[in-house]
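> Sequence first, predicted model second:
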Amino acid sequence: MYPVLIWHTRFRVASEKRNLLYFPYIPMSYISVIGAGSWGTTLAWLLAEKEYDVSLWVYEKALCEEMQTTRLNRLYLPGLSIPENVTITSDLARAVSKSRYIVNVVPTQHARSVIKDAVPYMSPDTVLVNASKGIERKTLLTVSSILREITDHRVAVISGPSFAQEVSRKLPTAVTLSCEDIATSLLLQEIFNTPYFRVYTHNDILGVELGGALKNVMAIASGISDGLNLGHNARAALLTRGLAEIERLGSAMGAQEHTFSGLSGLGDLILTCTSFLSRNYSLGTKLAKGFKLGDILSQSNSVVEGVATAESAYELSKKYNVQMPFVEQVYKVLYEDKDPVLAVTELMNRTLKTEFNA
């Protein structure tokens, strides 16, 4: 299957509309997925289902050996059988050396070190696709910005409302793929799109990433609200005003405001703030019931991205002088052990304002 030649009729139509050169045959090569959590495993499975040769890099050596033997990821996504055309490895060099496309699904706080180690083994024309959602502590960078700091490779981002469990069951899902290069964007759209996983394109990488990262902070707030039994009215207000906070920060940082009304913004916000399939929402409900943050995190196999992102978002709100009251209160609950009930009380008793531009 190396290389696979695929006829892309849609490329011709889209390219003509954009006055681009038309290449009727698109050569494919191996695809690497770096990170074997639930989402990484699902993306590797999805791409293998499309008959691509996929390498899946697993950080934990013991888990890697088990997955090689059983073709199952019992730790992060039990029940999903991993196809034979997925090479499972804990050798980073082996995972990336043949690949034209590398999909990063490493948790944000570890992405810099892992990708930096992988860069020497990458081909010059490799395209990096980020599928992680978060903001790096201290640098306050999104993952695409991290990747640009450590490599000159082209970078794209895929994000949107997409629980791994539902995608792996082939339930209908729609996401956004963002890349500044139109030709690369269209190619990646074809690579990832399936009859159950619909991929839209967009050119606002920063906005797509901010929406995917900041919604995790709002999901913690939503979990707290529901854990305190504050009702549907409160949750609706939280989602609406939370989205306003995300838009304000995004606009201040240079993102396109309308991005946040799309799949990577509003769509992901609704999903993550309303379901126990969201680790961030679940954490919020437990905080509301009096559990300590350290105890909650110690019992989770997976990284809860919203915890680190809350700190980064709080710092960004101060850096850009943007009012983000939900982010501020979530930060104080997480890092200053503030009582969630007091946080809600302070939110409801803030100075009265007009709804928009406030």
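That came through, no problem.

> Which parts of the stretch 1-150 of the chain are strands?
Secondary structure of the stretch 1-150 of the chain (DSSP state E, counting those that start in this stretch): strands at 5-7, 25-27, 30-34, 54-57, 72-73, 77-81, 86-89, 99-104, 127-130.

> can you list the ones you listed in CSV and add mean neighbour count, distance to L140 and mean pLDDT?
(Glycine included, C-beta is placed from N, CA and C.) Shown next, in CSV, are the strands of the stretch 1-150 of the chain (neighbours: other CB atoms under 10 Å; distance: least, CB to CB, whole Å; pLDDT from 0 to 100):
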stretch, mean neighbour count, distance to L140, mean pLDDT
strand 5-7, 11, 39, 36
strand 25-27, 13, 37, 40
strand 30-34, 27, 23, 96
strand 54-57, 26, 27, 98
strand 72-73, 21, 32, 98
strand 77-81, 14, 31, 96
strand 86-89, 21, 33, 98
strand 99-104, 24, 19, 97
strand 127-130, 25, 16, 98
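
> Can I get the ones you listed in a markdown table including distance to L293?
Output for the strands of the stretch 1-150 of the chain, formatted as a markdown table (distance: least, CB to CB, whole Å):
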| stretch | distance to L293 |
| --- | --- |
| strand 5-7 | 47 |
| strand 25-27 | 47 |
| strand 30-34 | 28 |
| strand 54-57 | 29 |
| strand 72-73 | 27 |
| strand 77-81 | 25 |
| strand 86-89 | 33 |
| strand 99-104 | 27 |
| strand 127-130 | 27 |
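
> out of the ones you listed, which comes closest to G227?
Across the strands of the stretch 1-150 of the chain, G227 has its closest neighbour in strand 77-81 (25.9 Å, CB to CB).

> Just the residues contacting the closest one, thanks.
Here strand 77-81 makes contact (CB atoms under 8 Å, 6 or more residues apart in numbering) with 37-38, 41-42, 45, 71-73, 164-165, 168.

> domains for this structure, by residue range?
Split into domains by automatic domain parsing, the chain comes to 5-203, 214-348.

> For E355, which of those is the nearest?
domain 214-348 (8.4 Å).

> so how far is the first residue of the closest one from its last?
Taking CA to CA, to the nearest Å, domain 214-348 runs 21 Å from one end to the other.
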